[in-house]
Structures are given as C-alpha cells and as structure tokens.
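Participant: build me a model:
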Amino acid sequence: MRKGLAGQRLVAVFLTGVLLFNYPVLSLFDRPESFLGLPMLWVFLFGIWALLLVAVAWIVERGAR
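Facilitator: I've put the predicted structure just below:
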C-alpha cells in the first residue's frame with residue numbers, strides 16, 4: 001500500500017472520530033437508559049474510542065507491510 005493512501009485513511013478515521021464525538025451525535029446517547037448497568041453515553045464514548053484505536057492500529061500495521 002502506498003504511504004499516501006495510509007495517510008488518507010488516517011485522516012478519514014480522524015474526521016470520523018471528530019464527527020462521532022461532536023454534540024449532535026453524543027446527545028443521541030445521553031439518555032437515562034443503561035446497557036449492562038452502564039450509562040449509554042459512557043458505553044458509546046468508550047466503544048467508539050476503542051474502535052477508532054483499532055482502526056488506526058490496523059491502518060498503520062497494514063501500511064508497514
């Protein structure tokens with residue numbers, strides 16, 4: 001994979017993270033309901049954070065080969 005393509009994918013992951021951690025999306029999950037005893041907002045925040053980390057690691061490792 002070309003280095004430029006990996007950079008473009010990293011920028012896309014960053015912009016996706018910016019959109020998902022912005023107010024309108026966060027307000028969708030700020031509810032009194034819970035998931036496995038945890039507030040939905042916290043589950044969403046840490047779940048998206050973990051997915052973004054996995055995506056970045058996958059892009060970087062794939063580009064290193």
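Participant: residue nearest the middle of this protein, spatially speaking?
Facilitator: The centroid of the chain falls nearest to Leu52 when counting by CA atoms, centre = their mean (3.3 Å).
Participant: show me what contacts that residue?
Facilitator: Residues near Leu52 by CB atoms under 8 Å, 6 or more residues apart in numbering: 13, 16-17. C-beta here means a position set from N, CA and C on the backbone, and glycine is covered the same way.
Participant: same question for the helix or strand where it lies: list its buried residues.
Facilitator: Secondary-structure assignment from DSSP states H and E places Leu52 in helix 40-64. Within helix 40-64, the residues that qualify as buried are 44, 48, 52, 55, 59, counting by 16 or more other CB atoms under 10 Å.
Participant: follow-up on the earlier one: between the contacts of Leu52, which is nearest Pro32?
Facilitator: Nearest to Pro32, judged by CB to CB, of those is Gly17 at 25.9 Å.
Participant: ok, the closest one - contacts?
Facilitator: Neighbour list for Gly17: 48, 52 [criterion: CB under 8 Å, 6+ apart].
Participant: could I get the buried residue list for the helix or strand it falls within?
Facilitator: Assigned by DSSP H and E, Gly17 belongs to helix 3-20. By 16+ other CB under 10 Å, the buried positions in helix 3-20 come out as 9, 13, 17.
Participant: just how off-centre is it within its chain?
Facilitator: How far helix 3-20 lies from its chain's middle: 10 Å, per CA atoms, centre = their mean, to the nearest Å.
Participant: alpha carbons of that helix, as PDB, please.
Facilitator: Presented in PDB, the C-alpha positions along helix 3-20 are these (Å, rounded to 0.1, in the frame of the first residue of the first chain):
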ATOM      1  CA  LYS A   3       2.100   5.700   2.100                       C
ATOM      2  CA  GLY A   4      -0.200   8.400   0.800                       C
ATOM      3  CA  LEU A   5      -3.200   6.000   0.900                       C
ATOM      4  CA  ALA A   6      -2.500   5.200   4.500                       C
ATOM      5  CA  GLY A   7      -2.300   8.900   5.400                       C
ATOM      6  CA  GLN A   8      -5.600   9.500   3.700                       C
ATOM      7  CA  ARG A   9      -7.200   6.600   5.600                       C
ATOM      8  CA  LEU A  10      -5.800   8.000   8.900                       C
ATOM      9  CA  VAL A  11      -7.300  11.400   8.100                       C
ATOM     10  CA  ALA A  12     -10.700   9.700   7.300                       C
ATOM     11  CA  VAL A  13     -10.600   7.900  10.700                       C
ATOM     12  CA  PHE A  14      -9.700  11.200  12.400                       C
ATOM     13  CA  LEU A  15     -12.600  13.000  10.800                       C
ATOM     14  CA  THR A  16     -15.000  10.200  11.600                       C
ATOM     15  CA  GLY A  17     -13.900  10.500  15.200                       C
ATOM     16  CA  VAL A  18     -14.500  14.200  15.200                       C
ATOM     17  CA  LEU A  19     -18.000  13.700  13.800                       C
ATOM     18  CA  LEU A  20     -18.900  11.000  16.300                       C
END
